[in-house]
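Q: Any chance you could fold what I've pasted below:
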Amino acid sequence: MPRIDNPWLPLKYLLAFMAAGVLLTGCRTKEESPALSQRAYIWQRDWTTPVSTAIESSKDKLDGFVVLGAEIEWKNGTPSLVKPRINWEALRNSGRPCGIALRVAPVGMAIAEDNGVIDFICRTGRELIATANAAKVTPVELQLDFDCAQKKLSAYTKWVRALRQAIAPTPLVITTLPSWLDEPEFPVLVREAGRYVLQVHSLRPAADTERTRLICDPALARDWVKRAEKLNVPFEIALPTYRYRAGYDAAGKLAGIESDSVHPTWPPGTRVIEFSSDAEAMATLVREWRAHRPPSCTGIIWYRLPVGNERNNWPILTLRAVMEGRTPRTSFSIRINGLVQQNTPLSLADISWHNDGETDDAPQREIILTWSSSSQGTAEALPGWKVRSEPGRVSFSPVDHTSMRLPPGAERAIGWLRLESAATIHVEISR
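A: Residues are numbered from 1 along each chain as shown. Just a heads-up that it's a prediction; the model follows:
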């Protein structure tokens, strides 16, 4: 603190300080929008070591987690409960706020309106909260995830009211679908809950246009969020990290869906299409909403937390980049016999590509190898690649980049090249 020798300041200094005080007070009275929180769902039934590792490695970037606590399935109209074996210690050690999700499989509302069913749901909600508390994890909320029929929201409101009262004082949050925004009962539903999650992604395997191959259409997401703003009820925006592959027969009929837990054997002639979450588009949405937080929006919640090297989910580095509002970096290098730069003449070269980026995208460009001598070359491509040979030159190109994803930091062989006599091999990547 600066030293003041004369306690009697001249009037002009006093007035200056008073004016500064007014300005500073004015700055403080203008409320700034709270930062947009970012959480993630943990949706595993099997809590393996990679799940706990993912929590530990992401706790410094995320503001909290919502874990699948139980799923209610239906057998001849009777509810049955499936509970994941949650590692509560990993959640407790993360130090992050934790919510619990109760997933209810689709069922006709004629069954759902049965008082016994409602009592079962309320009892399950209380048990989930009690289990978490016993593990010394205080849940910040219970999320009810039920894809209610669009025209039955009024009946669903009874569920929400009963469950909210049953689990008090723990807050209730419901997940909602964009199609519900059109229904007059929707405002009543979300006000009954008090808070909700607007899920702007969906699994809609239609093969008619390129546009439908996006799990989340950013233009539609912006529109849905603007409509949700008008309700003045706190909400989070659920954004996707996952992808899936759908197969279609010759008539265009859906033959099956591939996910991390389901791997169909496609019959000959099946047309397989990948539906994905566009990381660049999601980063743009995050950047926009961070700069101008939508009214009543409290944050973003990602479905779902990347765990290990899942085939149908982003790597954690991709999610981290998107959370910062930037496009993940895509970069790879070609290695010959394990080296990025090979100046020693070779007669046998094993060729591989190394992922130096933040995504698991495979190269979509041609890898060209040339050598200066007149030595004849023989090359072979490994599965997923094709090779084309010319005098003094061979080129490798991917057959299907979607089936050749590689985690950041990993390396995979492309093929090999054998020369009659040793020569210096040069690598070029087409643009």
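
Q: And what about the closest residue to E411 other than its chain neighbours, helix, strand or coil?
A: In this structure, E411 finds its nearest non-sequential neighbour in H354, 4.5 Å apart by CB to CB, 6 or more residues apart in numbering. No exception for glycine: its C-beta is placed from N, CA and C like everyone else's. On the three-state scheme (DSSP: H, G, I helix; E, B strand; the rest coil), H354 is labelled strand.

Q: Might you report the residue contacts of H354?
A: By CB atoms under 8 Å, 6 or more residues apart in numbering, the contact list for H354 reads F332, S333, I334, R335, V340, A410, E411.

Q: State the pLDDT value of it.
A: Per-residue confidence (pLDDT) for H354: 95.

Q: can you check the one 10 residues further on too?
A: Per-residue confidence for Q364 comes out at a pLDDT of 82.

Q: What distance do you get for it to S397?
A: 9 Å (CB to CB, to the nearest Å).

Q: of those two, who's got more company?
A: More neighbours surround S397 than the other of Q364 and S397, with 18 against 11 (other CB atoms under 10 Å).

Q: So what sits opposite the more buried one in the bridge?
A: On the basis of DSSP bridges, S397 is bridged to K386.

Q: and it, what does it touch?
A: S397 sits next to R365, E366, I367, W385, K386, R388 when contact means CB under 8 Å, 6+ apart.

Q: quick one, strands of the stretch 201-350 of the chain?
A: Taking DSSP state E, counting those that start in this stretch as the test, the strands found in the stretch 201-350 of the chain are 235-240, 244-248, 254-258, 271-275, 297-303, 332-336, 346-355.

Q: what about P178, how many neighbours?
A: Per other CB under 10 Å, the neighbour tally for P178 reads 18.

Q: Test my guess that it contacts H201.
A: No: checked against CB atoms under 8 Å, the pair P178 and H201 is beyond contact range at 9.6 Å.

Q: circling back to that earlier point, what's the distance between the residue nearest to E411 and A283?
A: 24 Å.

Q: Check A321 too.
A: Plainly put, A321 is 7 Å away from A283 if you go by CB to CB.

Q: Any chance you could list residues touching both of those two?
A: Counting by CB under 8 Å, 6+ apart, the common neighbours of A321 and A283 are T327, P328.

Q: So these two - more neighbours on which side?
A: A321 (23 against 19).

Q: Run through the residues that contact that one.
A: A279, A283, T327, P328, R329, E358.

Q: how about low-confidence regions in the stretch 1-150 of the chain?
A: Across the stretch 1-150 of the chain, the ranges flagged by pLDDT under 70 are 1-33.

Q: What ranges does it have for its strands?
A: Secondary structure of the stretch 1-150 of the chain, counting by DSSP E, counting those that start in this stretch: strands at 37-42, 65-75, 78-82, 98-104, 139-146.

Q: With respect to E185, which of those strands lies nearest?
A: The closest of the strands of the stretch 1-150 of the chain to E185 is strand 139-146. By CB to CB, the value is 14.6 Å.

Q: helix or strand right after the closest one?
A: helix 153-167 (DSSP states H and E).

Q: Show me which positions of that following helix end up buried.
A: L153, Y156, T157, W159, V160, A162, L163, R164, A166, I167 (16 or more other CB atoms under 10 Å).

Q: Show me what the longest strand seen in the chain is packed up against.
A: Longest strand in the chain, counting residues (DSSP state E): strand 411-423. Identification of packing neighbours for strand 411-423 by 3 or more CB pairs under 8 Å, 6 or more residues apart in numbering; DSSP states H and E yields strand 346-355, strand 367-371, strand 377-381, strand 385-390, strand 393-398.

Q: what number of residues lie near P234?
A: By other CB under 10 Å, 15 other residues sit near P234.

Q: centroid residue for the protein?
A: Taking CA atoms, centre = their mean, the centroid of the chain lies closest to T241, which sits 2.3 Å from it.
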